[in-house]
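Novice: curious how this folds, go ahead:
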Amino acid sequence: MNQKNALLLLFIFYAALIGAQTDTFDLNSYKARYDRRPAMSLDGSAVFNGNYASRQTAVNNGQAAARLSWQELRNTDELTSFWLLSGNLRGAFNQISSSLAGSTRYNSGDLAFSSQWAKRHYRPDNRFWGWSGTFSADGDLSSRRENDRRFITFINPAIFRGKGRIEYAEDALLASWILEELLEAGITDEYYGYDITELARTITDIIGNRTFDFRRRRIYELERLQSTLAELGHSQYESFELFAILNDNWAFANRNFLPHGNRLTYGAEGTAYHWWSRFNDSATNTFAYNGAAFLEYIRARVINNHSGGEWSLRAQGGYQEIMDKFDKGDWQAPRESLFAQLSAGYSYRWFPSSRTSLTWTNTASMSWGERESGATTTSGGLISFEEQASWTSFLELDYFVNFQWSFQVRASSNLLYRFEQDLLRLQPFLRFNTVYYFF
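Specialist: All right, here's what the predicted structure looks like:
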């Protein structure tokens, strides 16, 4: 009997040891419920864009842009919130405009401002209510036609309820990388899931304290990491190898994004859109608004602790009106329509190394509605709906030069088919840009 008890205790101890080892630690279990992540960045980009459609002349063009962004993500037990402010300056050169009269080359400039915000208030049973919104203003000048200029404003508020939440495991991923390198360097003999969790909590705790004084902040951050490792028994003495591993991972590996969890959201949203343009002495105004009900489901999972997949499904339907005004005339009678939209997407994110991420994203959508002759199609998110199907796919490589600087390359394509016009359009897209993070 004593022998059986001893074997049972040995089995329990062995099972607990195996369950705590790093190769069985599930990053999907990590919850950063005291998270604050501010970021300010400057994004410079260069773009090649092609447009190849049936019965139309092929078009190739290029442009350069600079975008300044300031954002913050918060994640606590009772609240998740996000806000973003950004400004964008763009110049396009050697563009080609095709028409029945022939092709025209032109240059253009664009200045835009946008803001986004969202809040979800959570109850203990993981249910939530919240609100979100988007506002943007966009103005541009073009040499395509004399005195050609345009100004667009767009606002999109929403209220919603739902259940579930999306968590973020990138800090646990960074903690596992640090401990793995410490093990390889012989600084520690072993580590377990508890060590990953505690080190990840330290990372989550300090990562939101970004300042412009990088040198002093870096000293403080590395001291916090080393102190936690010492408390866990992994660095009883300081060494060059310890400093190098901590500094290398902190400097290059903590700009990743690794969500997990499930979230179901339903609610209502409204959109108002105003488009004004003038060329020569002719002015055009278009005002549109809609109201819609929507249902959205997101499921994200960490895969093999080095990659992640995310599924999304969204359905919406509602009512829309569009009105036009030309020069100093009166507003014309509104064009009314009902519409519906269904979209599905999948994104796979892979980290081949601690300073490189590779993302592949696919989105398919279908819309139904009515389109009258002469109706305006906009780029601000509000469109005159019609029967059309589209599929977008892009592959993006993000390489971290250091914490403040990264390079991004994106190759994508958009395939669109409009049933009424029997028009099939393929739009390939290639972009290279570099992002500098002030903090």
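Novice: show me how far the helix or strand hosting Gln320 is from its chain's centre.
Specialist: Assigning secondary structure by DSSP states H and E places Gln320 in strand 307-326. Remark: strand 307-326 is offset 17 Å from the chain centroid, using CA atoms, centre = their mean, to the nearest Å.
Novice: so which elements touch whichever helix or strand comes after that strand?
Specialist: Downstream of strand 307-326, the next assigned helix or strand under DSSP H and E is strand 335-353. Packing partners of strand 335-353 (3 or more CB pairs under 8 Å, 6 or more residues apart in numbering; DSSP states H and E): strand 307-326, strand 356-369. For glycine as for every other residue, the C-beta is placed from the backbone atoms N, C-alpha and C.
Novice: can you name every helix or strand that the first one contacts?
Specialist: Other elements packing on strand 307-326 under the criterion 3+ CB pairs under 8 Å, 6+ apart are strand 259-279, strand 282-303, strand 335-353.
Novice: cool, and the shortest one?
Specialist: Here strand 356-369 touches strand 335-353, strand 388-402, going by 3+ CB pairs under 8 Å, 6+ apart.
Novice: just to revisit the earlier point, output the helices and strands packed on strand 335-353 as JSON lines; include the columns mean pLDDT.
Specialist: Listed next are the helices and strands packed on strand 335-353 as JSON lines, based on pLDDT from 0 to 100:
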{"stretch": "strand 307-326", "mean pLDDT": "92"}
{"stretch": "strand 356-369", "mean pLDDT": "90"}
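Novice: save those as TSV, and put in distance to Phe128 and mean neighbour count too.
Specialist: Listed next are the helices and strands packed on strand 335-353 as TSV, based on distance: least, CB to CB, whole Å; neighbours: other CB atoms under 10 Å:
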stretch	distance to Phe128	mean neighbour count
strand 307-326	17	17
strand 356-369	25	16
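Novice: for those strands, which one sits closest to Arg216?
Specialist: Arg216 sits nearest to strand 356-369 of all these, at 28.6 Å, using CB to CB.
Novice: using JSON lines, lay out the helices and strands packed on strand 356-369 together with distance to Asn304, mean neighbour count and mean pLDDT.
Specialist: Shown next, in JSON lines, are the helices and strands packed on strand 356-369 (distance: least, CB to CB, whole Å; neighbours: other CB atoms under 10 Å; pLDDT from 0 to 100):
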{"stretch": "strand 335-353", "distance to Asn304": "10", "mean neighbour count": "16", "mean pLDDT": "90"}
{"stretch": "strand 388-402", "distance to Asn304": "19", "mean neighbour count": "16", "mean pLDDT": "88"}
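Novice: mind putting the ones you listed into TSV with distance to Phe326?
Specialist: As requested, the helices and strands packed on strand 356-369 are exported to TSV (distance: least, CB to CB, whole Å):
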stretch	distance to Phe326
strand 335-353	15
strand 388-402	27
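Novice: only C-alpha atoms, please: export the strand holding Gln320 in PDB.
Specialist: Output in PDB follows, covering the C-alpha atoms of strand 307-326 (Å, rounded to 0.1, in the frame of the first residue of the first chain):
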ATOM      1  CA  SER A 307       2.300  32.200 -34.300                       C
ATOM      2  CA  GLY A 308      -1.400  33.100 -34.200                       C
ATOM      3  CA  GLY A 309      -4.500  32.800 -36.300                       C
ATOM      4  CA  GLU A 310      -7.600  35.000 -36.200                       C
ATOM      5  CA  TRP A 311     -11.100  34.400 -37.800                       C
ATOM      6  CA  SER A 312     -13.700  37.200 -38.200                       C
ATOM      7  CA  LEU A 313     -17.300  37.200 -39.500                       C
ATOM      8  CA  ARG A 314     -19.400  40.300 -39.900                       C
ATOM      9  CA  ALA A 315     -23.000  40.900 -41.200                       C
ATOM     10  CA  GLN A 316     -24.800  44.200 -41.400                       C
ATOM     11  CA  GLY A 317     -27.800  45.700 -43.100                       C
ATOM     12  CA  GLY A 318     -29.600  49.000 -43.100                       C
ATOM     13  CA  TYR A 319     -31.000  52.000 -44.900                       C
ATOM     14  CA  GLN A 320     -29.100  54.800 -46.800                       C
ATOM     15  CA  GLU A 321     -29.800  58.100 -48.500                       C
ATOM     16  CA  ILE A 322     -27.600  60.100 -50.900                       C
ATOM     17  CA  MET A 323     -28.200  63.700 -52.000                       C
ATOM     18  CA  ASP A 324     -26.400  65.800 -54.600                       C
ATOM     19  CA  LYS A 325     -26.100  69.600 -55.200                       C
ATOM     20  CA  PHE A 326     -24.500  71.200 -58.200                       C
END
